[in-house]
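*Asks:* structure of the sequence below:
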Amino acid sequence: MKQVKNSMTDVAIRVKDMTKNFKLYSDKPSTLKERLIFWKNNKKEIRTVLENINVDIKKGETVALIGTNGSGKSTLLKLMTKIIYPTRGTVTTYGKLTSLLELGAGFHPDFTGRENIYFNASIFGLTRAEIDARLDDIIAFSELEEFIDNPVRTYSSGMYMRLAFSVAINVDAEILLIDEILAVGDQHFQDKCFQKLREFKDSNKTIVIVTHSLDSVKDLCNRAIWVQDGHLIMDGGAKEVIGAYMDEVRRVKA
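*Replies:* Okay, here's the model as predicted:
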């Protein structure tokens, strides 16, 4: 994935002629003895998860990627973050990017919450002085003051989410990518997160979110992209795309 800074384009993310394949192995031997005896049985399958994807996401847009489980939407989001790379084509981002894709990703379980703030924020490019300046705000937003000096391995999944979200929204990113993480935690903190996302949206930042919560999409997003079986089925206004998607879901269930 290419990252371009200081571009004059109004595009935040450009996906061009992009295909992603994964190699799947069946009957893969797990021991040296099995490898020597059964080496001919190591079958390899190429599975195309996304095929010939072309998407431009403009700066300031809030976009939802929707679709059934296994449709390829989370893979598309991971390609945007440089966690994985395209097999063919390109994924280019314009601007500083932060992501919340896996709960607690980037956290060290034996570090305290405070130590993980410094560790995680530094991954996003903040200096020690910049983290010092934001530390109180990050801890206050997470509402983890009582636990911030405990190892994060003692945290619940909701506490992980609070800390991860609090760091991600305080790194002055221009693009925020989120994958279902806001489904974790109590209703109070979910509401607080969505309010923060609205502020992020109102400041002309770009948000791309993967979620099965279609009510949240209608409330937050101005655009939705429907991904199914590795292809883009529909791209347009959030309510229009959700309506078409739900019609298809009902048709399949009927």
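*Asks:* can we go C-alpha only for contacts and neighbour counts from here?
*Replies:* OK.
*Asks:* ok, now how distant is R223 from C193?
*Replies:* For R223, the distance to C193 equals 20 Å [C-alpha to C-alpha, to the nearest Å].
*Asks:* correction: E130
*Replies:* Note on E130: its distance to C193, by C-alpha to C-alpha, is 22 Å.
*Asks:* give me the more crowded residue out of the two.
*Replies:* Between E130 and C193, counted using other C-alpha atoms under 10 Å, the more crowded position is C193 (19 against 14).
*Asks:* where does that one land in three-state SS?
*Replies:* helix (DSSP: H, G, I helix; E, B strand; the rest coil).
*Asks:* per-residue confidence for it?
*Replies:* C193 carries a pLDDT score of 87 in this model.
*Asks:* who are the contact partners of it?
*Replies:* 165, 182 (C-alpha atoms under 8 Å, 6 or more residues apart in numbering).
*Asks:* what pLDDT does A64 get?
*Replies:* Here the pLDDT value assigned to A64 is 95.
*Asks:* which outside residues touch the host helix or strand of it?
*Replies:* When elements are assigned from DSSP states H and E, A64 belongs to strand 62-66. Outside strand 62-66, the residues that touch it by C-alpha under 8 Å, 6+ apart are 57, 73, 201, 206-212, 217, 220-227, 238.
*Asks:* in terms of secondary structure, what does whatever helix or strand comes next after it contact?
*Replies:* Per DSSP H and E, the first helix or strand lying C-terminal to strand 62-66 is helix 73-81. Counting contacts by 3 or more C-alpha pairs under 8 Å, 6 or more residues apart in numbering; DSSP states H and E, helix 73-81 packs against strand 43-58, strand 88-94, strand 97-100, strand 175-179, strand 206-210.
*Asks:* deepest in the core, which of the ones you listed is it.
*Replies:* Neighbour counts (mean count of other C-alpha atoms under 10 Å) averaged over each of the helices and strands packed on helix 73-81 peak at strand 206-210, with a mean of 25.
*Asks:* quick one: contacts of the helix or strand just after that strand?
*Replies:* Using DSSP H and E, the next helix or strand after strand 206-210 towards the C-terminus is helix 214-220. With contacts defined as C-alpha under 8 Å, 6+ apart, helix 214-220 is touched by 62, 64, 194, 198, 211, 224, 238-239, 242.
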